[in-house]
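Undergrad: Sequence and predicted structure are below.
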Amino acid sequence: MNHDGGVVLQRDAYNSRRRNIARWALGIFAAVALTIGIATMHASPAGDQDNSDQSAPKKVSKEEKKRQKALREEMSGGAYKKWLTEDVPYIITDEERTTFKKLATDDEREAFIENFWERRNPNPGSPENEFKEEYYRRIAYANEHYASGFPGWKTDRGRIYIMYGPADEIDAHPSGGNYERPMSEGGGETTTYPFEDWRYRYIDGIGNNVILEFVDPTMTGEYRLTMDPGEKDALLHVPGVGLTLAEQNGTAQGVSKQDRFQNSNGASSLGQGSGGDPNNLDEFSRLDLFSKIFQPPAVKFKDLKAVVTSKLSANLLPFDARTDFIRVTDETVLTPITVQVSNSDLQFQNKDGVMHGVLDIFGEITSLSGHIVNTFEKSLVLDVPEHEFQTYQSHKSIYQEAIPLKPGRYKLSLVMKDDLNGHMGSEELGIIVPAFGEEKLTHSSLILADQILPIPTSQVGSGPFVIGGTKVRPSVNNTFTRDQRLGIYMQVYNLTVDDKTHKPSLDVRYEVEKDGKALLDQSEDTANLKKASQQFTVIKTMGLRGLAPGKYTVQIKITDNLTKQTISPTASFELQ
């Protein structure tokens, strides 16, 4: 999310889950329907009955009593208890667990289980549930790799793997032995039990650079998740050995091995913790981390999903949206979806001199048949210093999500919510993703941008507003002010390459008109044209101070001199 006026948006640390799952909500209607259904079952007679015989109570046989008793006891030892305690104990919420235990019949339990997985389906309505398949794959992997007298899924490593998937990095010491402590643990040399450090770059709801340490102090293969980076130290309780650097300096420094056990953060080490290392956490932060790490992931943004489902038309929170199309392959088109909100329409709270706001975004892309192709959800924090807030309110906040799609027709449903006041707005857009093909000269969307910048090599192809090696932030409604620069971005495809020179031959001209009168007619620099291959990228910026307010048209004329094909896309903008 970017802000005009140079204020940087920070992503809320408690939001958005891993690439991969934070966008997996179904909506609350299935759960509501289930609740209503259960209430109806309890309130109404079951089955079709002859009303003329209601006054004559029927005698219940011993066999029927046994059957009913077995049903009541099913939760205490049957397959459904196994599902609750062995299949989903790490991801079921307390509310769901309580509800499930109150269900009385198999039909109710089966309906609950079906809705449980559907609420977590990344493509709701699809018979293939990638979340469910991946979840059971992780259980199988944990049982195979982390068993230690217990099934792998019951171990700490298995639990973390099942909940969060494979770590981004693992530093494994399966035999323990000699260990050079990092300075974050005090330095010096010691001997350790077997241990592993798992590093996750980001865990939704917990934060960045999360490091979890597992130690096997019994040397049996049973690794335990530890809060204390000193727990792996096999010499921890042996006087005079395995000292840290500070302890080696002696009591003159006021540090002894015994001091390790006096740390307020509960760690039996004397490190200079930094970054995501557990040694950097105070006692309360440490407890908070280990409380959160075992909490089941929330089913997020149910209210926004419900808005899409119910087709809310009230536009209490106005916003603008646009889509653009960039060819990736013949069958894949990158579709950046850009939304823009006026900061003056959002509510902010003053927190210690910082004006704080939160904006939730939910998007859903469906095919014409109603199949959900993709969903995305973000919760974003907007913070600005109080002394800059008046200027900040006159600008807009912009966010972009780039989705790869196949050529075809889709419906895009967007919902925005201001977390502080609950105001919401929604919009539905019909989008046609073009098939670029390889037969004729063609082009991507012509994007008029308020920001076009080259980016470092390390950021190429990643992040919002990034196309290849360039940051291109579209003007969502093509409106500019005279103190801005107009950016022009477009990709040209399928240029013909000369057999002898192995280069294309093309002309590129820029034209800007107002009221039918040409104000600019300029050719592309020859040096830039020499960089062309079968694809050429048009990148140009121009100042607007010399132009009067009004409406303008930009036209880019591309001519392939070898085939004489010409394309002339246009785009309009308003100068205020």
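TA: Thanks, I have it.

Undergrad: and G422, that's in a strand?
TA: No. Judged by DSSP: H, G, I helix; E, B strand; the rest coil, G422 forms no part of a strand; its state is coil.

Undergrad: Now stretch 477-493 - C-alpha only, PDB.
TA: Listed next in PDB are the C-alpha coordinates belonging to stretch 477-493 (Å, rounded to 0.1, in the frame of the first residue of the first chain):
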ATOM      1  CA  ASN A 477      -8.800   7.100 -12.200                       C
ATOM      2  CA  ASN A 478      -6.200   8.800 -14.500                       C
ATOM      3  CA  THR A 479      -6.300  12.100 -12.600                       C
ATOM      4  CA  PHE A 480      -3.100  14.100 -12.100                       C
ATOM      5  CA  THR A 481      -2.100  17.500 -10.600                       C
ATOM      6  CA  ARG A 482       0.400  19.900 -12.200                       C
ATOM      7  CA  ASP A 483       3.100  19.100  -9.600                       C
ATOM      8  CA  GLN A 484       3.100  15.500 -10.500                       C
ATOM      9  CA  ARG A 485       4.800  13.700 -13.400                       C
ATOM     10  CA  LEU A 486       2.900  11.700 -16.000                       C
ATOM     11  CA  GLY A 487       4.300   8.200 -16.400                       C
ATOM     12  CA  ILE A 488       3.500   6.100 -19.500                       C
ATOM     13  CA  TYR A 489       4.100   2.400 -19.400                       C
ATOM     14  CA  MET A 490       3.200  -0.300 -22.000                       C
ATOM     15  CA  GLN A 491       4.700  -3.500 -23.300                       C
ATOM     16  CA  VAL A 492       4.700  -4.300 -27.100                       C
ATOM     17  CA  TYR A 493       4.600  -8.000 -28.200                       C
END
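
Undergrad: Tell me where the model's unsure across the stretch 301-450 of the chain.
TA: 301-315 (pLDDT under 70).

Undergrad: for the chain, that is, sorry about that
TA: Residues of the chain that meet the cut-off, pLDDT under 70, sit at 1-77, 124-126, 250-256, 258-286, 298-315, 458-462.

Undergrad: Phi, psi for L448 please.
TA: Main-chain dihedrals, L448, degrees, to the nearest 10: phi -90, psi 120.

Undergrad: Buried residues of stretch 207-222, list them for me.
TA: Residues of stretch 207-222 classed as buried: 210-217, 222 (neighbour count, 16 or more other C-beta atoms under 10 Å). Placement of C-beta: from N, CA and C, glycine included.

Undergrad: Closest to P174 out of those residues?
TA: D216 (8.6 Å; C-beta to C-beta).

Undergrad: residue boundaries of the helices in the stretch 401-550 of the chain?
TA: According to DSSP state H, counting those that start in this stretch, the stretch 401-550 of the chain carries its helices in the segments 526-529.

Undergrad: what ranges do the strands span in it?
TA: Counting by DSSP state E, counting those that start in this stretch, the stretch 401-550 of the chain has strands at residues 408-418, 424-433, 442-443, 447-454, 466-467, 470-474, 479-480, 485-493, 506-514, 517-523, 536-543, 550-560.

Undergrad: Any idea which of these gets closest to F325?
TA: Distance to F325, taken as C-beta to C-beta, is lowest for strand 424-433 among the strands of the stretch 401-550 of the chain, at 6.1 Å.

Undergrad: what lines up beside that closest one in the sheet?
TA: strand 408-418 (antiparallel) (DSSP bridges).

Undergrad: tell me which residues of the partner strand are tucked away?
TA: Along strand 408-418, these residues count as buried under the neighbour rule (16+ other C-beta under 10 Å): 410, 412-418.

Undergrad: okay if I get the residues you listed as JSON lines plus distance to G205?
TA: Below are these laid out as JSON lines (distance: C-beta to C-beta, whole Å):
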{"residue": "Y410", "distance to G205": "30"}
{"residue": "L412", "distance to G205": "27"}
{"residue": "S413", "distance to G205": "25"}
{"residue": "L414", "distance to G205": "24"}
{"residue": "V415", "distance to G205": "21"}
{"residue": "M416", "distance to G205": "21"}
{"residue": "K417", "distance to G205": "18"}
{"residue": "D418", "distance to G205": "21"}
